[in-house]
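Enquirer: Sequence and predicted structure, then a few things I'm wondering about:
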Amino acid sequence: MSKLISEFITAGSFQRFGHKIFIRNETSHTQFIKSELITIKELKENGIIIEIPINICQKGHNLTVFFLKQDTIPKIKLPDSGHYREAIMQVMAKVENIEMHPTDKLLVNLDMNFTQNDVQLWKKIIQQYADKQEEIDKMLTDQLNTRVKR
């Protein structure tokens, strides 16, 4: 009987990768810094789609989005305006669309387009995610090829 791929590849096979995200809503003058409740769903050429709790913002709102390294432990709260020193990147974004989560009524998918950002740094971040995905794909393909050869 053949073994399942999950017996060969475990959570320990992967090094955690990603970013924490903090949001300052410039329209409503509120902040959302519970990064553990924000999930990156899609990186776009000039924007991002994230999953976030409902009622954080509305369509048309302007946000400042702060990207922090995954292992960053924030020492202070967000300033009311300006730069957040622990952020590796910050962007100004406009909420273009909000869609209800298909299974959880307390979550929404938030589609944002960047209005101000460092284009080169954003391309570098997108490439980092693409490289990580290729690494995972290769690991899975190699394991599948090993199992098929048996």
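Expert: Yep, it's here. Numbers count the residues shown, from 1 in each chain.

Enquirer: Tell me the buried residues in stretch 92-103?
Expert: 93-95, 98 (16 or more other C-beta atoms under 10 Å). C-beta coordinates here come from the backbone N, C-alpha and C atoms, glycine included.

Enquirer: what's next to that stretch, contact-wise?
Expert: Contacts with stretch 92-103, where a contact means C-beta atoms under 8 Å, 6 or more residues apart in numbering, come from 26, 47-48, 51, 54, 57-65, 107-117.

Enquirer: Of those, which belong to strands?
Expert: Secondary structure assignment by DSSP state E places 47-48, 51, 62-65, 107-116 of the contacts of stretch 92-103 in strands.

Enquirer: List buried members of the residues you listed by neighbour count.
Expert: Neighbour-count burial (16+ other C-beta under 10 Å) is assigned, among the ones in strands among the contacts of stretch 92-103, to 47-48, 51, 62-65, 107-112, 114.

Enquirer: Would you mind giving these as TSV with distance to residue 80 added?
Expert: Below are these laid out as TSV (distance: C-beta to C-beta, whole Å):
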residue	distance to residue 80
47	25
48	23
51	26
62	15
63	14
64	11
65	16
107	27
108	25
109	28
110	22
111	26
112	21
114	21
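
Enquirer: For the residue most central in space within the chain, which non-adjacent residue is closest in space?
Expert: Nearest residue to the geometric centre of the chain (C-alpha atoms, centre = their mean): residue 40, 2.7 Å. Leaving aside its chain neighbours, residue 40 sits nearest to residue 50 (5.7 Å; criterion: C-beta to C-beta, 6 or more residues apart in numbering).

Enquirer: circling back to that earlier point, which among the buried ones among the ones in strands among the contacts of stretch 92-103 gets closest to residue 84?
Expert: Comparing these against residue 84 with C-beta to C-beta places residue 64 closest, at 8.4 Å.
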